[in-house]
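**Q** Here's my sequence, what's the structure:
(chains A, B, C and D)
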Number of protein chains: 2
Amino acid sequence: MIKNNKAIVQSVDRALSILQVFAQYEELGVTEISKLINLNKSTTYGLLSTLFEKGYVDKKPNGKYCLGLILLELGQYVQNRLNVRNTARPLLEELCEKYDETIHLVLCNRGEVYYVDKVESARSIVNITQVGKKVALHASSVGKAILAYMPVEEQERELALPLKQYTTYTITNPSELREHLSLVKENGYALDMEEIELGIRCIGVPIRNYTGEVIGAFSCSAPATRVSSEKLNEIIVAVKDTALNVSRRLGYKI
Amino acid sequence: MIKNNKAIVQSVDRALSILQVFAQYEELGVTEISKLINLNKSTTYGLLSTLFEKGYVDKKPNGKYCLGLILLELGQYVQNRLNVRNTARPLLEELCEKYDETIHLVLCNRGEVYYVDKVESARSIVNITQVGKKVALHASSVGKAILAYMPVEEQERELALPLKQYTTYTITNPSELREHLSLVKENGYALDMEEIELGIRCIGVPIRNYTGEVIGAFSCSAPATRVSSEKLNEIIVAVKDTALNVSRRLGYKI
DNA sequence: ATCCCATATTCTTGTATGCCGAACATCGCT
DNA sequence: AGCGATGTTCGGCATACAAGAATATGGGAT
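**A** Okay, here's the model as predicted:
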């Protein structure tokens, strides 16, 4: 039962993998799933039935399976319990109101970075991001803000991965990105100049906890047309200031 | 492996039960969990480790376990894929704008009813409801709208459960509620007159699908002070009208 | 209608696998 | 230090699970 120094229960592991394939596919049949996770059909069927009984997957009228509403419930609990989010909320709302632009909050979790909150301005821009999604580390202001402060070996591991080109401005060259990140660290903020979506610019800053560790980041996103260079500088100051406030509320000293 | 005509995989079943206890407890240790679900400590440990490896639970700095961020991600997918929600959204937004009050959308799912969407007005009232939560069937307008149209035996099963008293106006007497529900059915809408939260009134109406079956409901919630009796009647008409529109878009005839 | 193919679901069986009890490690508390 | 209550590992046995095959079901094409 012990595998790689960890107690992994095979059937549970497999069942959870089933849930995860639904991240990519909205609906799937037994056979499809069994192929995707490389498992015997009847084995898959048993696991799926269990997930169904518990409400973790549902059956559509067409007979295909899909994710169940319980996941909505559990996801909601997660969201509400993220105390960083609760702490940051009011300050981010303030920031949102001040510039009337959208704010995104992201958190690091075991090597992954997720969007966990969003404060939308009334004149909201079209946004591809949504709460619960993983952050594109190399192509977003928040991602770069976090990358910049990672331990070197972790950062290098990320730089070694294929860097997806979202727009013509996306930095896809590892060494160029490495240089860029050291600049980010020097400045204390990261810019995203239409690197993930054309026409959108963001300013991202890291959030620290009481140990000084970077545990997340937030950003202010705006259409490029609304962000002149002096406006940009103004926002940078405000965003950095808010970040410091949030970090302090989380116990960060100085 | 076949139990009650269903193929249930024991360990998966147990692992999912572990996730579910976290609906009630924000953080738990191995021993606590094993007591709650009545399982051997080391068995619990194995399941928990698997959940942890996969990101379904996390470990807090204090060593306790809590729900993992993956659930946030999966919950998000569920939300986006609820097509009833997508269909209803624009109409509910229209309604929200018209009266500048908050709209809640709920859906039935295998005997449970969940809040799945919310359209908030600018002058939003304090609300205890949130997306992903289960609906209080006997004490909310949406809950009663759904209860009223349930098959009798299902309705009776609900009436037989303890009816929690939220405010002095909450109907906690089963026979009184039964009568109330027949009135709801006659009227085609349900009122919540401060029955779940003092000072809040709601008007709830059922949504039907192409088979005519009630599959959900939505409501308009407002502070009692803003809802005069003529205003109430006006809103009732609008809400019923919107409900019909939503149902039609889902294929309901007439 | 009929066949055919693909898919869902059930059955059976051997054995790997997950469960348990107990031992060990770690931590916080007095 | 010592105690009590946790988290974590170990080893053996029995059971619960995975796999393959067999059987339903259903939808499309002819």
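**Q** so how far is DNA strand D from residue A:36?
**A** Noted for residue A:36: a distance of 14 Å to DNA strand D, by CB to the nearest atom of the strand, to the nearest Å. C-beta: built from backbone N, CA, C; applies to glycine.
**Q** excluding its backbone neighbours, what's nearest that residue?
**A** Distances taken as CB to CB, 6 or more residues apart in numbering or on different chains place residue A:21 nearest to residue A:36, at 5.1 Å, with adjacent residues excluded.
**Q** close to DNA strand D, is stretch A:98-114?
**A** No - Stretch A:98-114 is not in contact with DNA strand D by CB under 7 Å from any atom of the strand; minimum separation 14.5 Å.
**Q** and that stretch, how far out from the chain's middle?
**A** Computed by CA atoms, centre = their mean, to the nearest Å, the chain-centroid distance of stretch A:98-114 equals 7 Å.
**Q** can you pull the buried residues of it?
**A** Across stretch A:98-114, burial judged by 16 or more other CB atoms under 10 Å in any protein chain shown covers A:99, A:101-109, A:113-114.
**Q** Which of those fall within strands?
**A** A:102-109, A:113-114 (DSSP state E).
**Q** Which single one of the buried residues of stretch A:98-114 is nearest to residue A:179?
**A** Distance ranking of those against residue A:179, using CB to CB, places residue A:113 first at 21.2 Å.
**Q** which residues does residue A:89 contact?
**A** Residue A:89 sits next to A:117, A:119 when contact means CB atoms under 8 Å, 6 or more residues apart in numbering or on different chains.
**Q** Look up how far residue B:104 lies from residue A:251.
**A** 36 Å (CB to CB, to the nearest Å).
**Q** meant to ask about residue A:144, not that
**A** For residue A:144 relative to residue B:104 (CB to CB), the value is 38 Å.
**Q** shouldn't residue A:225 be in contact with residue A:198?
**A** No - shown here, residue A:225 and residue A:198 do not form a contact pair, counting by CB atoms under 8 Å, at 11.6 Å.
**Q** out of these two, which sits in the more crowded spot?
**A** The residue with more neighbours, out of residue A:225 and residue A:198, is residue A:198; 11 against 8, by other CB atoms under 10 Å in any protein chain shown.
**Q** Which pLDDT value goes with the more buried one?
**A** At residue A:198, the model reports a pLDDT of 90.
**Q** What of residue A:42?
**A** Reading off the confidence values, residue A:42 has pLDDT 83.
**Q** One more: the one 5 residues further on?
**A** We note a pLDDT of 90 for residue A:47 in this prediction.
**Q** repeat for residue A:147
**A** 94.
**Q** That one and DNA strand C: what is the separation?
**A** Residue A:147 is 30 Å from DNA strand C, by CB to the nearest atom of the strand.
**Q** Any regions of chain A where pLDDT drops low?
**A** A:1-7, A:110-111, A:124-130, A:254 (pLDDT under 70).
**Q** Let me see the domain layout of it.
**A** Using automatic domain parsing, the domain parsing of chain A gives A:2-73, A:82-249.
**Q** Beyond the strand or helix carrying residue A:16, next helix or strand please.
**A** Assigned by DSSP states H and E, residue A:16 falls within helix A:10-21. Per DSSP H and E, helix A:10-21 leads on to helix A:30-36 as the next helix or strand towards the C-terminus.
**Q** Can you give the distance of that following helix from its chain's centre?
**A** Using CA atoms, centre = their mean, the offset of helix A:30-36 from its chain centre is 28 Å.
**Q** one step back: go through the helix holding residue A:16 and flag the buried ones.
**A** Buried-residue list, helix A:10-21, by 16+ other CB under 10 Å: A:11-20.
**Q** ok, now stretch A:39-47?
**A** A:39, A:44-47.
**Q** residues making contact with it?
**A** A:11, A:14-15, A:18, A:30-31, A:33-34, A:37, B:1, B:7-9, B:12.
**Q** Please determine how far the residue nearest the centre of chain A is located from residue B:24.
**A** Centroid-nearest residue in chain A, with CA atoms, centre = their mean: residue A:114, separated by 2.1 Å. Look at residue A:114 and residue B:24: by CB to CB, they are 24 Å apart.
**Q** rewinding a little: identify the residues contacting the helix holding residue A:16?
**A** Residues contacting helix A:10-21 (CB under 8 Å, 6+ apart): A:28, A:33, A:36-37, A:39, A:43-44, A:47-48, A:50-51, A:56-57, A:67, A:71, B:9, B:11-12, B:15-16, B:47, B:50-51, B:53-54, B:56, B:70, B:74.
**Q** Contacting DNA strand C as well, which ones from these?
**A** Answer for the contacts of helix A:10-21 near DNA strand C (CB under 7 Å from any atom of the strand): B:11, B:47.
**Q** so where do the helices sit in chain A?
**A** A:10-21, A:30-36, A:41-53, A:70-81, A:83-99, A:141-148, A:152-160, A:174-187, A:229-249 (DSSP state H).
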